[in-house]
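Student: just need the structure, nothing else, for what follows:
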Amino acid sequence: MMRFLWSEWLRTKRTAIRFLTFCMPVLFSLCAAAYLISHPGSTQAFAFEGFFTIWTVFFIPIGAGVFAGFLVHEEELAGSFNGFLGTGISRIKLYMGKFSLLLFCLTACTFTAVLTLCVCVKPIMPEVVSFRLFLPAAALMVVGTLPLLALHLWISFAWGMGASIGISMGGLLMAAILGLTGIGSRIWPLIPWTWPVKLGMLPGALILEESAAIRSTEIFSGIMHTAAVGFSAAAAGLLLFLAGGMMWFHLWEGRKNCE
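Tutor: Predicted coordinates for the structure are as follows:
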């Protein structure tokens, strides 16, 4: 699989994928770091919630749609998928190659942003950012993003880049409304765009709960319940979207002009 991932990565040369993967998160984190440094009263809770709220609500939904749509669109431009599907390579390997590249791009993008923020802010304001807090949150956020990547890859092959980006816009609204507010307290396990939000915020909730003067068993139980539900939903969603996408792709013969 590493060979297919490397092959897919080489094909991104001279495209926007590499800029989006490594440069865009650095620019975002530099702006966030400049804001925190210019506001000496910033707290760890403010930095954590602000950074991960913006990243999970805006960058993750849009990024999943754009990355998946762009990767598939490149194959469509190169002979309307004829060269891609006619390589003689197993359809499962072709599909997993694209999914692996998507996973690499979103993971590298997320950790680049987090590490840039921590490296820039920690020497000046060590109490505001913590690798112990931010890195686990980034890892959990990536776990919650896996089903989104599988879903948008399927959508991109079936309906194209425009559909993938368009649906990601709706996902952004659902992440903001259902993932961050009490409106989605009952239905968020059914909404894939809320899973990165819920899982990414867990380390912050735990750290803040541990540092509170009076620990609440009820709050801790709620955090553990959210974690269990979030992991279960992400695992089920990944299995459904990835397996379903591969089975569909195995029979797919390319997109017709009328599609």
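
Student: number of nearby residues for the nearest residue to residue 226 once chain neighbours are set aside?
Tutor: Spatially, and ignoring its direct neighbours in sequence, residue 226 is nearest to residue 198 (5.8 Å; CB to CB, 6 or more residues apart in numbering). (C-beta placed from N, C-alpha, C; glycine too.) Burial measure for residue 198: 28 neighbouring residues, criterion other CB atoms under 10 Å.

Student: what's the answer for residue 141, then?
Tutor: Neighbour count for residue 141, taken as other CB under 10 Å: 27.

Student: from the contact counts, what lies against the strand or helix carrying it?
Tutor: Following DSSP states H and E, one finds residue 141 within helix 131-159. Counting contacts by 3 or more CB pairs under 8 Å, 6 or more residues apart in numbering; DSSP states H and E, helix 131-159 is packed against helix 44-54, helix 60-77, helix 91-121, helix 161-180, helix 195-200, helix 202-211, helix 217-251.

Student: identify whichever of those lies nearest to residue 133.
Tutor: helix 202-211 (5.4 Å; CB to CB).

Student: so where's the protein uncertain?
Tutor: Low-confidence segments of the chain, defined by pLDDT under 70: 1, 208-216, 256-259.

Student: so what's the residue count around residue 18?
Tutor: The local packing count at residue 18 equals 14, with neighbours defined by other CB under 10 Å.

Student: let me fix that: residue 168
Tutor: 25.

Student: same question, residue 70
Tutor: 19.

Student: that one against residue 161, yeah?
Tutor: Yes: if you go by CB atoms under 8 Å, residue 70 and residue 161 touch, sitting 6.5 Å apart.

Student: identify the residues contacting stretch 239-252?
Tutor: 85, 91-92, 94-96, 99, 147, 150-151, 153-154, 157-158, 192 (CB atoms under 8 Å, 6 or more residues apart in numbering).

Student: swap in 6 Å and give it another go.
Tutor: For stretch 239-252, contacts defined as CB atoms under 6 Å, 6 or more residues apart in numbering pick out 91-92, 95, 147, 150-151, 154.

Student: out of those residues, who's nearest residue 204?
Tutor: residue 147 (21.9 Å).

Student: how close does the closest one get to residue 60?
Tutor: According to CB to CB, to the nearest Å, residue 147 and residue 60 sit 12 Å apart.

Student: pick out whichever of these two has more residues nearby.
Tutor: The residue with more neighbours, out of residue 147 and residue 60, is residue 60; 30 against 24, by other CB under 10 Å.

Student: distance of the more buried one relative to residue 91?
Tutor: Taking CB to CB, one finds residue 60 at 28 Å from residue 91.

Student: what's the spacing between the closest residue to residue 49 other than its chain neighbours and residue 70?
Tutor: Closest residue in space to residue 49, ignoring its immediate chain neighbours: residue 204 at 6.4 Å, by CB to CB, 6+ apart. Residue 204 sits 31 Å away from residue 70, going by CB to CB.
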